[in-house]
Every structure is written in structure tokens, then in C-alpha cells.
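1. take this sequence and fold it.
(one chain, ligands or ions: 1)
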Amino acid sequence: MKNANPHAVLLASPGMGHFIPVVELGKRLATHHGLDVTIFVVAADASIAESPLFKPPRTPNPLNLVLLPPVDISALVDSSTSVVTQLLIMMREALPLLRAAISAMKYRPTALIVDLFGTEALAIAEEFDMLKYAFITSTAWFLAVAVHFPYIDEEAEHKHRVLKRPLDIPGCRSIRYEDTLDLFLDPTDRNLYVNFTHIGMEVSNADGILVNTWQDLEPLTLHALENEKFLGRVVKGSVYPAGPLVRPNERSSKSEVMDWLDMQPMESVIYVSFGSGGTLSVKQTSELAWGLELSQHRFIWVVRPPVDDDVSANFFNVTNSHDGTPSYLPDGFFTRIRNRGMVVPMWAPQTEILAHQSIAGFFSHCGWNSTLESMVNGVPMVAWPLYAEQQMNAAMLAEELEVAVRPKLQPNTSVVEREEIAEMVRRVMELKGNAMREKVKELQRSANQALVQGGSSYNSLSKVSKECELKLRRLSAMALG
Ligand code: UDP
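-> Numbers count the residues shown, from 1 in each chain. Below is the predicted model:
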């Protein structure tokens with residue numbers, strides 16, 4: 001690759017939730033801002049290379065997608081190691097591969113952009129005199145917690161974690177204990193706490209921080225992140241709201257689920273899905289099935305076999321009854337919901353589904369990509385957070401933006417009963433849903449405005465691209481001089 005254009009290297013950590021927005025960021029930098037882009041992908045195994053998502057997109061500028069050889073971390077973890085810690089170990093083990101790949105490039109790249117789990121790689125950017133950026137694939141509110149985290153003293157931690165009082169974040173909405181991050185809930189994993197402190201420091205010290213949000217969605221928090229009176233004093237570089245960066249809806253192939261949707265009335269179906277990894281307990285899966293049935297509304301449900309602490313629940317041996325209903329769903333479910341419901345095992349073409357005119361609601365685990373996909377399609381939600389920062393996302397959606405309803409109890413710690421589920425579905429699909437629908441359609445418009453040429457997110461990426469151009473010029477002048 002010649003170095004006439006600035007060249008940004010992006011590093012994606014394992015998981016669709018990171019891979020998808022990193023690729024979208026790469027595409028926009030290449031398509032709209034004239035950068036050459038290489039994306040290095042760290043994956044738990046090589047299967048991602050087979051996914052249609054892995055095909056390098058057609059853009060005017062080169063965009064290389066490179067899968068780094070999978071790393072074996074089995075000797076470094078055991079059954080008690082949290083998923084987040086495993087991810088961090090995987091990323092750490094991949095660092096020599098990244099260093100070797102950058103070092104082998106004929107021309108030195110101009111910038112390194114890493115997601116939350118790749119911040120240790122920013123040291124490599126320093127080694128090679130590249131600009132270093134962090135890309136937060138979540139909200140500005142989550143970024144605010146991350147950069148504030150290293151400065152939370154023992155007293156504040158005690159008040160939040162033990163006394164369950166709200167966690168104050170300078171200049172931002174506080175976080176209620178019920179909505180807090182996993183790492184405050186499980187104090188036994190001190191490793192996670194220490195790692196998150198490092199991540200917070202590394203993100204704060206980057207030359208710039210890109211966030212998958214947009215100015216008008218989170219104005220208060222973005223102000224706090226830039227303002228010296230609040231978090232601006234710990235954040236070294238600028239914060240660039242660059243979203244919503246979501247996969248475009250490319251209806252490519254025929255599928256049973258899309259054919260079924262084509263036959264449903266306008267805005268009549270609720271889509272139920274919990275992201276790439278979300279699973280429910282045995283009891284909750286059954287209650288959800290009953291709740292959907294009770295609601296009387298049409299639905300598409302991406303179902304995964306339940307996972308339970310109960311050792312007697314062995315769903316490796318799923319059996320199907322005479323109508324095809326798997327044993328973890330109520331007996332006769334498929335027969336009763338025929339014509340009204342569609343069950344899709346494991347994975348569905350989510351962006352295509354959410355963009356379809358028959359969809360009126362999204363019952364979601366509130367992963368940030370799913371949330372953005374719902375907003376850009378103007379679809380109100382039932383917020384059903386399960387892990388990571390999803391409780392914060394749900395609080396923002398239900399209370400601040402008023403585009404979602406939420407169960408009274410937390411779905412990850414208690415079983416939400418079928419009546420409440422049916423009621424939430426009705427509220428999104430019927431009367432109250434209309435007010436939420438108007439609000440979410442406003443967000444849809446504001447998201448589009450942010451992305452078009454001259455919009456706030458477009459301008460953020462223009463600034464990043466300018467910084468890269470300046471850096472390239474400086475490096476070229478040094479090479480000549
Ligand atoms: N996704 C999909 N089909 C599915 C489940 C998920 O296409 O059946 C996609 C979804 O569109 C989103 C991503 O996978 O882009 C999930 O990311 P998110 O941040 O919502 O949740 P995570 O999986 O990281 O918890």
C-alpha cells in the first residue's frame with residue numbers, strides 16, 4: 001500500500017459486538033474521508049473468516065480485512081476466569097502478532113484505532129510513532145464511567161458497591177446501583193477491577209476517543225467529557241462522537257423469516273432477540289414463550305437453548321414434540337402460535353428484520369449495536385438488559401430518551417412473569433407505543449442528520465482524518481529532512 005493517503009490500522013477484539021462497528025468505522029474512514037484502512041481482527045477461532053460479514057466491503061479506497069492467527073489461551077485461564085478477562089488475555093497474546101504485522105508493512109501506518117479490549121496495543125502505536133485512538137463501541141455515558149473509573153476512591157466505591165447508593169460521574173447522570181456495571185456487582189473478580197482501571201487510563205491518554213454515539217443523543221455527557229470542570233481534566237485528547245455506525249441493511253438472500261415478514265401487515269410484528277451471546281434461564285425462557293403468546297401480538301423470536309445453573313437442566317439433549325416444539329418451550333407452543341409467531345433458531349438477519357415495514361417493536365437485550373439498529377430504524381423497544389453495560393443502556397432508553405419500556409425487576413437476577421412480559425409487549429405495540437414511536441422516529445431523523453456530509457458525526461471523522469493527514473505530512477517531512 002502506498003502512503004499517499006494516511007493509513008489507519010484498526011484492531012477489532014473478539015465478538016460480533018466489536019467486529020461490526022469497527023468494520024463500519026473502517027468503511028466510513030475509507031469511503032468518506034479518503035483514508036487507507038487495514039482492520040486486524042482477533043477472533044477466538046478462525047470460523048469468522050467464513051462469515052459473509054468478513055468479506056471486505058467494496059469501497060473506493062482499499063480496506064484490508066486481516067484475520068490474525070487465533071491465539072491459544074487455554075493454559076492461561078480456568079473455568080472461573082470471567083469472559084472479559086479472557087478477552088483481555090486473548091488481546092494481550094495477540095499483541096506480538098500485531099506488532100509483527102505493522103513492522104512488516106512497507107510504509108508506516110499513520111494511526112492505530114483500538115476498541116475497549118485492545119487498549120494495551122496503544123503502546124505499539126507509540127513504538128511506531130503512530131497516532132493512537134480508542135474507539136468506544138458503546139455510549140458516551142459508558143465512556144464517562146471508563147475514564148472516571150481510575151479515580152473512584154475507596155469511599156465512593158464502598159458507597160456504591162456495598163451501600164448500593166448511586167455512583168456519581170462528574171457532569172453526567174449518576175448510575176443507580178440496579179443499573180451498574182457487572183464489575184461492581186462481583187467484587188470477587190479483582191482482576192477485572194484492576195484491568196478496567198488500566199483500560200480507563202489508557203483510553204484517557206489516547207490522542208483521541210471515537211464513540212459510537214452522536215452529539216444530539218448524549219449532549220450532556222459529551223459536554224462533561226470535554227469540559228475541564230468535569231471529565232475533560234482527565235481526558236487528554238478530543239472526544240469524537242462518530243455514530244451511529246451500524247451495518248447497513250443489505251437484503252441479500254431469500255430467507256424463510258424475511259418471506260414470512262413480507263406477508264405480515266405493516267408495523268404488526270415484535271422482534272425478540274438477545275444479541276450474539278445472550279441466553280435465558282430455563283424458567284425465563286418458558287415465561288417469555290407464555291408472555292409472547294398471551295400478548296396476542298405477532299412476533300419473531302431468535303431462540304437459543306436456555307442455560308441454567310440447575311445441573312439437572314441438560315439441554316444438550318433437546319427433544320422435539322410432535323409439532324416440532326423443542327422440550328425447553330411450553331408443550332404445544334408451535335401449534336398455538338402458528339400463523340402469528342416465527343421462531344428462528346440461534347441467529348437471524350437482524351438489520352434486515354429491523355428495517356422491514358412489518359416490524360413495530362424490538363424486545364432486546366440492549367447491546368449497544370442492537371440499540372442503535374433499533375433507533376436508526378425508528379423501532380421502540382422492550383428493554384431486557386442481561387450483562388455488561390446493558391442496564392445503563394436500558395435506563396437511558398426508558399427514562400431519558402423514553403423510547404423503551406422496562407420490566408420492574410431485573411431479568412438477569414429474577415424471573416419476569418408472563419403477565420408482565422405480555423403487558424410490556426402490548427405497551428410497545430399499542431397505545432403507549434405510539435408516543436415512544438414518535439420519539440424514536442425523531443431519534444432516527446437526528447441520527448441521519450449526524451451522518452450526512454456536514455453532520456456532527458461526519459465532522460468528527462473529518463477532524464480525525466485531518467489529524468492523520470497532518471501526522472503523515474510531519475512524518476514525510478522528517479523522512480526527507
Ligand atoms: N445479530 C444478528 N443476528 C442475531 C443476533 C445478533 O445479526 O441473531 C447482530 C446484531 O444485529 C448486532 C450484533 O449482532 O449488530 C450484536 O451486537 P450487540 O452490541 O447488540 O450485542 P452483543 O452481541 O455484543 O451482546
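2. all strands of the stretch 251-400 of the chain, in order?
-> Assigned by DSSP state E, counting those that start in this stretch, the stretch 251-400 of the chain shows strands spanning 269-273, 298-303, 341-345, 359-364, 381-383.
3. would you turn those strands into TSV with distance to residue 46, mean pLDDT and mean neighbour count?
-> In this view, the C-beta of every residue, glycine as well, is placed from N, C-alpha and C. Listed next are the strands of the stretch 251-400 of the chain as TSV, based on distance: least, CB to CB, whole Å; pLDDT from 0 to 100; neighbours: other CB atoms under 10 Å:
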stretch	distance to residue 46	mean pLDDT	mean neighbour count
strand 269-273	26	98	26
strand 298-303	25	97	22
strand 341-345	23	95	18
strand 359-364	29	98	26
strand 381-383	34	98	27
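4. switch those over to CSV; also include distance to the ligand.
-> As requested, the strands of the stretch 251-400 of the chain are arranged in CSV below (distance: least, CB to the nearest ligand atom, whole Å):
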stretch, distance to the ligand
strand 269-273, 5
strand 298-303, 4
strand 341-345, 7
strand 359-364, 7
strand 381-383, 12
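5. and of the ones you listed, who's closest to residue 434?
-> Closest approach to residue 434 among the strands of the stretch 251-400 of the chain (CB to CB): strand 359-364, 10.1 Å.
6. now the closest one - C-alpha only, PDB.
-> Listed in PDB are the C-alpha atoms of strand 359-364, where the atom choice follows Å, rounded to 0.1, in the frame of the first residue of the first chain:
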ATOM      1  CA  ILE A 359     -41.700  -4.500  12.400                       C
ATOM      2  CA  ALA A 360     -43.200  -2.400  15.200                       C
ATOM      3  CA  GLY A 361     -41.100  -3.300  18.200                       C
ATOM      4  CA  PHE A 362     -37.800  -4.800  19.400                       C
ATOM      5  CA  PHE A 363     -37.600  -6.900  22.500                       C
ATOM      6  CA  SER A 364     -33.900  -6.600  23.100                       C
END
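7. which residues touch residue 143?
-> 136, 203, 209, 211, 221, 225, 239 (CB atoms under 8 Å, 6 or more residues apart in numbering).
8. give me the pLDDT for the residue in the stretch 51-200 of the chain that the ligand sits nearest to.
-> Closest contact between the stretch 51-200 of the chain and the ligand, by CB to the nearest ligand atom, is at residue 137 (7.3 Å). Model confidence at residue 137, expressed as pLDDT, equals 98.
9. quick one: the nearest residue to it once chain neighbours are set aside from the ligand, how far?
-> Distance criterion CB to CB, 6 or more residues apart in numbering; nearest residue to residue 137, sequence neighbours excluded, is residue 21 at 4.5 Å. Per CB to the nearest ligand atom, to the nearest Å, residue 21 is found 8 Å from the ligand.
10. now for the helix or strand hosting residue 21, which elements pack on it?
-> If you go by DSSP states H and E, residue 21 is part of helix 16-33. Using 3 or more CB pairs under 8 Å, 6 or more residues apart in numbering; DSSP states H and E as the contact criterion, the neighbours of helix 16-33 among helices and strands are strand 7-12, strand 36-41, strand 63-67, strand 111-115, strand 131-136, helix 368-376, helix 456-480.
11. tabulate the ones you listed (CSV), appending distance to residue 426 and mean neighbour count.
-> Conversion of the helices and strands packed on helix 16-33 to CSV gives the following (distance: least, CB to CB, whole Å; neighbours: other CB atoms under 10 Å):
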stretch, distance to residue 426, mean neighbour count
strand 7-12, 39, 26
strand 36-41, 42, 23
strand 63-67, 43, 17
strand 111-115, 38, 27
strand 131-136, 35, 25
helix 368-376, 18, 26
helix 456-480, 35, 16
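12. in terms of mean pLDDT, which of those ranks lowest?
-> Among those, strand 63-67 has the lowest mean pLDDT, at a mean of 91.
13. check contacts around residue 421.
-> 287, 288, 290, 291, 292, 294, 295, 407.
14. cool, and residue 362?
-> If you count contacts by CB under 8 Å, 6+ apart, residue 362 has them with 270, 271, 272, 273, 354, 370, 374, 379, 380, 381, 382.
15. before we move on, what about residue 192?
-> The neighbourhood of residue 192, defined by CB under 8 Å, 6+ apart, consists of 82, 84, 85, 183, 186.
16. in strands only, show me the residues you listed.
-> Filtering these for membership in strands, criterion DSSP state E, returns an empty set.
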